[in-house]
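> Take a look and give me a structure for this.
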Amino acid sequence: MLRILKWLFFLIVLGAIGLTGYAYVGPYFGVDFTPDKVEIREPMVLDAE
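Numbering: from 1, shown residues only. Now for the predicted structure:
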């Protein structure tokens, strides 16, 4: 059981390192992580007396 937990921990750490590396190196390979910018306007009625 302990052997499985060690491998699971190792895979989680390796995955976290991989995702962090992909986030930093991705823009150099043409991956764009920026969200689309859209302006949203909605009318708002204030009920102040």
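> Can you name the helix or strand that Phe10 falls in?
Here Phe10 sits within helix 2-25, counting by DSSP states H and E.
> distance between that helix and the chain's centre?
Offset of helix 2-25 from its chain centre (Cα atoms, centre = their mean, to the nearest Å): 16 Å.
> confidence score at Leu2?
Reported pLDDT at Leu2 in the predicted model: 90.
> Likewise for the one 3 residues further on?
As summarised for this prediction, Leu5 has a pLDDT of 95.
> cool, Gly30 as well?
We note a pLDDT of 86 for Gly30 in this prediction.
> Could you check how many residues crowd around it?
Residues lying near Gly30 (other Cβ atoms under 10 Å) number 6. Bear in mind the C-beta positions are built from the backbone N, C-alpha and C, glycine included.
> just Val38 next, same as before
By other Cβ under 10 Å, 5 other residues sit near Val38.
> and it, helix, strand or coil?
At Val38 the chain is in coil, as set by DSSP: H, G, I helix; E, B strand; the rest coil.
> Val31 too?
Classification of Val31 by three-state DSSP places it in coil.
> Quick check, central residue of this protein?
By Cα atoms, centre = their mean, the chain has its centre lying nearest to Ala23, at 8.4 Å.
> about what we covered before: pull the CA atoms of the helix holding Phe10 into PDB?
This file holds the C-alpha atoms of helix 2-25, laid out as PDB (Å, rounded to 0.1, in the frame of the first residue of the first chain):
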ATOM      1  CA  LEU A   2       2.800   2.400   0.900                       C
ATOM      2  CA  ARG A   3       4.400   1.600  -2.500                       C
ATOM      3  CA  ILE A   4       1.300   2.800  -4.300                       C
ATOM      4  CA  LEU A   5       1.100   6.000  -2.300                       C
ATOM      5  CA  LYS A   6       4.700   6.700  -3.100                       C
ATOM      6  CA  TRP A   7       4.100   6.300  -6.800                       C
ATOM      7  CA  LEU A   8       0.900   8.400  -6.600                       C
ATOM      8  CA  PHE A   9       2.800  11.200  -4.800                       C
ATOM      9  CA  PHE A  10       5.600  11.000  -7.400                       C
ATOM     10  CA  LEU A  11       3.100  11.300 -10.300                       C
ATOM     11  CA  ILE A  12       1.300  14.200  -8.700                       C
ATOM     12  CA  VAL A  13       4.600  16.100  -8.100                       C
ATOM     13  CA  LEU A  14       5.800  15.300 -11.700                       C
ATOM     14  CA  GLY A  15       2.500  16.500 -13.100                       C
ATOM     15  CA  ALA A  16       2.700  19.700 -11.200                       C
ATOM     16  CA  ILE A  17       6.200  20.300 -12.400                       C
ATOM     17  CA  GLY A  18       5.100  19.500 -16.000                       C
ATOM     18  CA  LEU A  19       2.100  21.900 -15.900                       C
ATOM     19  CA  THR A  20       4.300  24.700 -14.400                       C
ATOM     20  CA  GLY A  21       6.900  24.200 -17.100                       C
ATOM     21  CA  TYR A  22       4.200  24.200 -19.800                       C
ATOM     22  CA  ALA A  23       2.800  27.400 -18.500                       C
ATOM     23  CA  TYR A  24       6.200  29.100 -18.700                       C
ATOM     24  CA  VAL A  25       7.500  27.600 -21.900                       C
END
